[in-house]
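Participant: Need a 3D model of the following:
(chains A, B and C)
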Amino acid sequence: MEPVLQALANGVIIGAIVALTAVGLSLIYSILDLTNFAHGDTVTVGAYAALAVNIAWGVSPWVGVLVGMLVGAVISVVLEVVLWSKLRRSGADRVTLIVVSIGLALFLRNLIIFIYGTSSVSYQVPVEQALLLGPVMLTPQQIQVTAAAALAALAVHLILQYTTIGKAMRALADNMDLAWVSGVNVDNVILWTWVLGGLLAAGGGALYAFTRPINPNLGWFLLLPMFAAIILGGIGNAYGAMLGGLLIGVTQELSALVIPNHYKLAVGYAVMIAILFLLPRGLLGKEELT
Amino acid sequence: MSLNGSNEPLLQADGFSKEFDGFYAVRDVSLEICPGEIVGLIGPNGAGKTTVFNLLSGLLRPSAGRAWFSGRRIDGLRPYQVARLGMIRTFQLSRVLSRLSVADNLHLAAAGQGREGLLDNLLVPGQVRRHEARARERATHLLTYFGLDKMADEYAGSLSGGQRKLLEMARALMPGARMLLLDEPMAGVNPALKETLLEYIADLRKQQGLTFFIIEHDLDMITALCDRVLVMAGGTVIAAGDPQEVKRHPDVVDSYLGVVS
Amino acid sequence: MNLLSYLLGFATNLVIFALFSLGLNLQFGHTGLINFGHVAFMGVGAYTMVIIVLSGAPLWLAMLVAVITAGAFGLLIGLPVIRLRDDYLAIVTIGFAEIIRMVLNNESWLTRGPQGMFGFPVPFENLGLSPLGHRALFLAWVLLTAGLVFWLVNRLTGSPWGRVLKAIREDETVASSLGKNTVAYKLQALVIGAMIAGLAGVQLALFLRYINPRNFMPLTTFVAWLIMIMGGVGRNWGVVIGSMIYFGLNAATQQFMARGLGPLTGGQVGALRMMLVGLILVLLMLYRPQGILGRKEEMTLES
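Facilitator: Sure, this is the predicted structure:
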């Protein structure tokens, strides 16, 4: 087993998950000017929903993933209808939205703790033997997870490029005023953006649960890499979020070869700071007026 | 040519351009304004007039071109640096500081930025108080002139649209300005007050040698007040000269499509 | 522990936390800076003081260095992002707090890791006072220092300097167009707020006589946010009121944390409490963003 390639492989796996979960965060950020600190907890909700059906009803964890995605989408839509649209209508400023999202994050996270406690949980699946594939060792599950993530990324690409709603999303993310003027049904697009973001975030969480035991802080700890991914990839660009996610994941895992493992998170942070200093608009972003 | 006879321009721009992803909001704009001049800037919406102001005042970085104020390079400077040199601007949609009082809005514009520093306020509060008192006098004078004195201690956010315009104007006129960039100062102001403002601007030029660069749609005002007019359309300057000449210029008539009276 | 001793301790904790929140209020309430990692400055203050005093330096020096170090960290994390939009600062401060926590937990050679640090000298311990007397004197000391800081902050925020901060909070572009070097002012507010949090950390360490990384979790930051918003954003005395409400309710429900409530376990009660914190934050922003001391008109003014 080759340590660098192994780290690379692990990085791609975690990076793919960050990439998926970051897409929703990025789209919401650019379309609604909302930095949603509760996004991480949508990820956690998805993971726990998947685990719940798997453990309680014994269904396959992959069914759990689908259930998780559904739950994520539903929660996102409900929150949009009940909370976010209200705040937008009353002209809440960016800071108010951020504080609300933090309150929401606290609420969701502790709701999960309330129901499931704080100890770690995993899917109830037979333990799988890691396979030696050339220079790296991977379990079949890890391969499946990566494949699923890749499939999801492809789906996102197809949606954004070839569906009306997807194109509208990109248009709104790019330039809200212009898209509005050209007759796009903004409220509709916003709703579907939440759906997509919720599906991806929750799905990402459910996939993540394959890779290691999870606890209620899962999403909160993924939030920083997600933000790093978006900033690295460029604000307002869903593809940037995906590219950024992959790069962050890989960088973090590779860095673990040289720095102590528990500082992996700091690497994503360092990358983010470096980008903000050197190239604030990110790799694929446009010039932003500060 | 300016009133004090000097030919040295106060404001100069050379080849100013601003490009956004291939679209040129402003392309190759050059201008010169001498001390004591009142110059108008007119043109249809979207012609790039406010963008020129943004470039001059440092809110935007030019993609190309250079500018000088009082002999100093100003392109690339931050807004606060340009303001400290004495070039003050107002905004098209008046931006008052809503949750501060009307008086505070003016105090913030007073010259002598040094009295707002951290160390000053920690160590020499007496001096700060004296400076405040002087600024208060000036502020009261301006507020009275614009009829806002009764609102001095009210939140600026409770002012009506027209009153905000006046506050913005008053703010620009607190001491320290050498040149004012006014972005549609007359929009939303009632006709009687317009006359007063016109006189006030002319007065300031005569008595204090203040220089004005004014974006306006009100062509009567432009004709009455300005020594010179620049006309912009599609990001470039298409005509320049004295107001009467410019009104008759074929390009100007075209670009306004009959709006010119 | 008798009632008086408990009350003295309760009051001390309250004042320390009010001070902590005051620092945040200067950054956010007055200047509009979104700091979601405030607890890190407290941790830096606490640990720096303990580390230095344990190495033999006099207490007053350790305290001074601790407060300055906290301020230095404020400058450090502010510099890269202060020119960018406010949400970048929010993200960066969260990361910063996480990293500090990681360092506190893992760099045992410096911080003794999860074990924590204790055995350091505290003020007034050599005066031969009874434990109760010591508590009372310590409270007086905390009140005095906090009172001093409050007075100073009040003076500053009511001064022309404070007015510039408010202008920046309202509309940074306008403030800049009026000749204010907004970057400098924002950094000043950030650093001073961090120093105040550092002082709160120092006092906390001296109060508890034992610190470990679990004293400085993200939760603390968000409780400070709640306190600040409840009391009234931008109102300096609001943090005192907010503190009283929060810690009052906290104390009232404390027993349920340990013993549980009906069918709920202690852990669940704890989670329920945090759910309430989150919920109240959301409700406050929806229905009473001005808090207790704020004025409603301020929230409904159109900018």
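Participant: Strands along the stretch 101-250 of chain B, start to end?
Facilitator: Assigned by DSSP state E, counting those that start in this stretch, the strands in the stretch 101-250 of chain B fall at B:179-183, B:211-215, B:228-233, B:236-241.
Participant: between these, which gets nearest to chain A?
Facilitator: Proximity of the strands of the stretch 101-250 of chain B to chain A was assessed by CB to the nearest CB; the nearest stretch is strand B:179-183, lying at 17.3 Å. In this view, the C-beta of every residue, glycine as well, is placed from N, C-alpha and C.
Participant: So that closest one, near chain C or not?
Facilitator: No: residues of strand B:179-183 are not located near chain C by CB under 8 Å from any CB of the partner chain, the shortest gap being 9.8 Å.
Participant: roughly how far is that strand from the heart of the chain?
Facilitator: Counting by CA atoms, centre = their mean, to the nearest Å, strand B:179-183 is centred 1 Å from the centre of its parent chain.
Participant: partners of it, with directions?
Facilitator: Sheet partners assigned to strand B:179-183 using DSSP bridges are listed as strand B:87-89 (parallel), strand B:211-215 (parallel).
Participant: Quick one, which of the ones you listed gets closest to residue C:96.
Facilitator: With respect to residue C:96, and counting by CB to CB, the nearest of those is strand B:87-89 at 36.4 Å.
Participant: For residue C:180, which three-state class applies?
Facilitator: At residue C:180 the chain is in coil, as set by DSSP: H, G, I helix; E, B strand; the rest coil.
Participant: ugh, typo on my part, it should be residue B:77
Facilitator: Once three-state DSSP is applied, residue B:77 turns out coil.
Participant: And the nearest residue to it once chain neighbours are set aside, how close does it get to chain A?
Facilitator: Excluding the flanking residues, the one nearest residue B:77 by CB to CB, 6 or more residues apart in numbering or on different chains is residue B:58, at 5.0 Å. For residue B:58, the distance to chain A (CB to the nearest CB, to the nearest Å) stands at 12 Å.
Participant: you'd agree residue B:58 is up against residue B:74?
Facilitator: Yes: because the distance of 7.0 Å satisfies CB atoms under 8 Å, residue B:58 is recorded as touching residue B:74.
Participant: What does residue B:148 show for phi and psi?
Facilitator: Note on residue B:148: its backbone torsions stand at phi -110, psi 10 [degrees, to the nearest 10].
Participant: Now do the contacts for it.
Facilitator: Applying CB atoms under 8 Å, 6 or more residues apart in numbering or on different chains to residue B:148 gives the contacts B:102, B:159, B:163, B:166-167, B:170.
Participant: Residue A:167 too?
Facilitator: So residue A:167 contacts A:160-161 (CB under 8 Å, 6+ apart).
Participant: Do you know the pLDDT at it?
Facilitator: At residue A:167, the model reports a pLDDT of 87.
Participant: Ok, residue A:44 next?
Facilitator: At residue A:44, the pLDDT value in this model is 96.
Participant: Whichever strand or helix holds it - contacts with which helices or strands?
Facilitator: Using DSSP states H and E, residue A:44 sits in helix A:39-57. In terms of contacts (3 or more CB pairs under 8 Å, 6 or more residues apart in numbering or on different chains; DSSP states H and E), helix A:39-57 is packed against helix A:3-32, helix A:61-79, helix A:94-116, helix A:186-211, helix A:218-233.
Participant: circling back to that earlier point, got the phi and psi for the residue nearest to residue B:77?
Facilitator: Residue B:58 adopts backbone torsions of phi 90, psi 0, taken as degrees, to the nearest 10.
Participant: now do residue B:39
Facilitator: Note on residue B:39: backbone dihedrals following degrees, to the nearest 10 are phi -110, psi 130.
Participant: Show me the helices in chain C, by range?
Facilitator: Along chain C, counting by DSSP state H, helices occupy C:3-24, C:38-54, C:59-81, C:86-106, C:108-111, C:131-157, C:160-170, C:172-177, C:182-208, C:218-231, C:238-259, C:266-287, C:296-300.
Participant: Kindly report the same for the stretch 151-261 of chain B.
Facilitator: Ranges of helices within the stretch 151-261 of chain B are B:161-172, B:191-208, B:219-225, B:243-248, B:250-256, based on DSSP state H, counting those that start in this stretch.
Participant: elements contacting the shortest one?
Facilitator: In terms of contact count using 3+ CB pairs under 8 Å, 6+ apart, helix B:243-248 is assigned the packing partners helix B:219-225, strand B:228-233.
Participant: Model confidence score at residue A:277, please.
Facilitator: 80.
Participant: what residues are up against the residue lying closest to it once chain neighbours are set aside?
Facilitator: With CB to CB, 6+ apart as the criterion, residue A:277 has its nearest non-adjacent residue at 5.0 Å, and that residue is residue C:80. If you count contacts by CB under 8 Å, 6+ apart, residue C:80 has them with A:273, A:276-277, C:92.
Participant: could the helices and strands packed on helix B:243-248 go into JSON lines alongside distance to residue A:268 and mean pLDDT?
Facilitator: Converted to JSON lines, the helices and strands packed on helix B:243-248 look like this (distance: least, CB to CB, whole Å; pLDDT from 0 to 100):
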{"stretch": "helix B:219-225", "distance to residue A:268": "56", "mean pLDDT": "85"}
{"stretch": "strand B:228-233", "distance to residue A:268": "47", "mean pLDDT": "91"}
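Participant: Throw these into CSV and include mean neighbour count and distance to residue C:135, thanks.
Facilitator: Converted to CSV, the helices and strands packed on helix B:243-248 look like this (neighbours: other CB atoms under 10 Å in any protein chain shown; distance: least, CB to CB, whole Å):
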stretch, mean neighbour count, distance to residue C:135
helix B:219-225, 18, 73
strand B:228-233, 23, 73
